[in-house]
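Student: With the sequence up front, the predicted model follows.
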Amino acid sequence: MSKPSTEQTVTSLSRRKFLTVGAGLAGGLFLGKACWYEPRTFVMEELHLSVAKVPPGPGLRIIHLSDLHLRSLPNHFAAAAATINDLDPDLILLTGDYLDQSRKLAGVLDFVKLLRCEGGIFAVQGNWEYWARLEGEPLRRKLAKAGAELLIDEHRDLLIRGIPLSILGIDYPSASRSLEKIRQTAVSNRLNIVLSHVPAFGHDRLASVADLILSGHTHGGQVRLPYIHPFYLPRFSAPFVSGLYRVTDRHIPLYVNRGMGTSVLPARLFCPPEIALLQLHSPAAGEVPWQQHPASHTGAPIRS
C-alpha cells in the first residue's frame with residue numbers, strides 16, 4: 001500500500017524541482033538580458049520630419065545622442081561610433097549626461113574623438129556634469145580638444161547644404177533665464193534647433209523661434225515592463241518619456257532620446273539604448289509641417 005504514496009512523492013518532488021529550475025533559468029535569462037545584452041545593443045531610431053524652413057532638396061541628416069554615462073570606451077560604443085560615421089550625418093548633437101558615477105571624462109572624450117561630421121558636433125550639459133563638478137569652461141575646453149563644441153546658453157549659426165540654421169544650446173536645467181537669453185539671441189527666419197538636456201521646461205518661451213527641440217535625461221525609464229508607464233523618471237521629465245511629442249500651440253516637435261548608457265543601475269529592460277537619426281526635409285505639396293512619416297522606427301540593433 002505504500003508504493004503509490006512513494007511514487008506520488010517522487011513525482012511531486014520532480015515537478016517542484018522542474019518548476020524551481022525553470023524559474024531560475026527564466027530569472028537568469030531576464031538578468032542577462034537586462035544587465036548584459038540590452039545595454040550593449042543599440043537601436044537605430046529613424047525619424048522623418050517635414051519642417052517648413054527646410055527648402056526642397058536632400059534636407060538634413062542629424063544624429064542625436066544623449067546620456068552616454070561613460071567611464072571608458074567599451075567595444076559596443078566604438079561599434080556605435082563606426083555606425084554613426086557610416087551614416088554620414090550633417091550634424092551630430094549631444095544632449096548631456098556624459099559621465100557616470102566615476103566622474104571621469106576619459107571614456108567620453110575617446111568616444112567623441114571617434115565621431116566624424118563635417119557640419120560639426122555640438123553639445124549641452126546635463127545634471128551629471130554639475131554633480132561631478134566638471135561643468136562649464138573646463139568641460140568646454142576638453143570637449144573642444146575632442147572635436148565637439150559645448151554651448152552654454154548660447155547659439156551657433158551654421159550654413160549646411162545651403163540651409164541657414166542655428167543650434168541653440170540651453171544649459172541644465174533649462175531655467176527661465178536661460179530660455180530668455182536664448183530667445184533674445186535667436187533669429188526667427190533661421191532653422192532653429194534647440195538642445196536641452198531635460199524635456200520638461202517652459203517650451204512656450206521659445207515658441208516664436210524654435211523649430212525642433214532635442215532632449216534626453218529620461219533614459220526612457222531604463223528598466224520597465226512592456227505597455228506600462230516607467231516605474232521612475234528623474235525630475236524635469238514628466239510627462240515626457242521617450243520619442244516624438246508636440247509642444248506649444250505651434251506643435252513644435254520635441255524628440256526625447258532614451259540615451260546610450262545606464263545610470264545608477266547598470267541595466268536596461270524593455271528599453272534599449274538609442275541612436276536617433278532625424279531626417280529633416282521640406283514639406284511636400286499640401287503636407288502639414290512637422291508630420292511624422294509612418295516608417296519612423298527602424299529598430300535595427302547595433303552590437304559590438
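Tutor: That came through, no problem.

Student: give the contact list for the closest residue to L158 other than its chain neighbours.
Tutor: Using Cβ to Cβ, 6 or more residues apart in numbering and skipping the chain neighbours, the partner closest in space to L158 is L165 (5.4 Å). Using the backbone N, CA and C atoms, a C-beta is placed for each residue, glycine as well. Residues in contact with L165 (Cβ atoms under 8 Å, 6 or more residues apart in numbering) are 53, 60, 157-159, 190-193.

Student: What does the pLDDT read for L165?
Tutor: L165 carries a pLDDT score of 97 in this model.

Student: For G59, see how far away it is.
Tutor: Distance of L165 to G59, given as Cβ to Cβ, to the nearest Å: 12 Å.

Student: Neighbours of the nearest residue to G59 once chain neighbours are set aside, how many?
Tutor: Nearest non-adjacent residue to G59, counting by Cβ to Cβ, 6+ apart: H281, 3.6 Å away. As a burial measure, H281 scores 19 neighbours (other Cβ atoms under 10 Å).

Student: Show me the shaky parts of this protein.
Tutor: Scanning the chain for pLDDT under 70 picks out 1-32, 286-304.

Student: Which elements pack onto the strand or helix carrying V108?
Tutor: According to DSSP states H and E, V108 maps onto helix 106-114. Counting by 3 or more Cβ pairs under 8 Å, 6 or more residues apart in numbering; DSSP states H and E, the packing neighbours recorded for helix 106-114 are helix 75-86, helix 137-146.

Student: neighbouring contacts of it?
Tutor: Contacts of helix 106-114 (Cβ under 8 Å, 6+ apart): 68, 70-73, 77-78, 81-82, 85, 98-99, 121, 142-143, 145-148.

Student: same thing with stretch 124-143?
Tutor: Under Cβ under 8 Å, 6+ apart, the answer for stretch 124-143 is 67, 69, 94-100, 103, 105, 109, 112, 123, 149-152, 169-173, 195-198, 216-217, 234, 263.

Student: and those residues, which are buried?
Tutor: Among the contacts of stretch 124-143, the ones that count as buried by 16 or more other Cβ atoms under 10 Å are 67, 69, 94-100, 105, 109, 112, 123, 149-152, 169-173, 195-198, 216-217, 234, 263.

Student: quick one: contacts for V194?
Tutor: 168, 170, 182, 206, 210, 212-214.

Student: Could you rerun that using 7 Å?
Tutor: 168, 170, 206, 210, 212-214 (Cβ atoms under 7 Å, 6 or more residues apart in numbering).

Student: From I275, how far off is it?
Tutor: 20 Å.

Student: V209 now?
Tutor: 27 Å.

Student: Over to P234?
Tutor: Separation of P234 from I275 (Cβ to Cβ) stands at 21 Å.

Student: do the same with T262
Tutor: With Cβ to Cβ as the criterion, T262 and I275 are 15 Å apart.

Student: again, but for V264
Tutor: 22 Å.

Student: How about W128?
Tutor: Counting by Cβ to Cβ, the gap from W128 to I275 is 20 Å.

Student: Ok, I152 next?
Tutor: Distance from I152 to I275, by Cβ to Cβ: 25 Å.

Student: ranges for the strands of this structure?
Tutor: 42-50, 60-65, 91-95, 121-124, 149-150, 154-160, 163-170, 191-196, 212-215, 243-247, 252-256, 274-281, 297-302 (DSSP state E).

Student: which one of those lies closest to Y227?
Tutor: strand 243-247 (14.3 Å; Cβ to Cβ).

Student: Can you name every helix or strand that that closest one contacts?
Tutor: strand 252-256 (3 or more Cβ pairs under 7 Å, 6 or more residues apart in numbering; DSSP states H and E).
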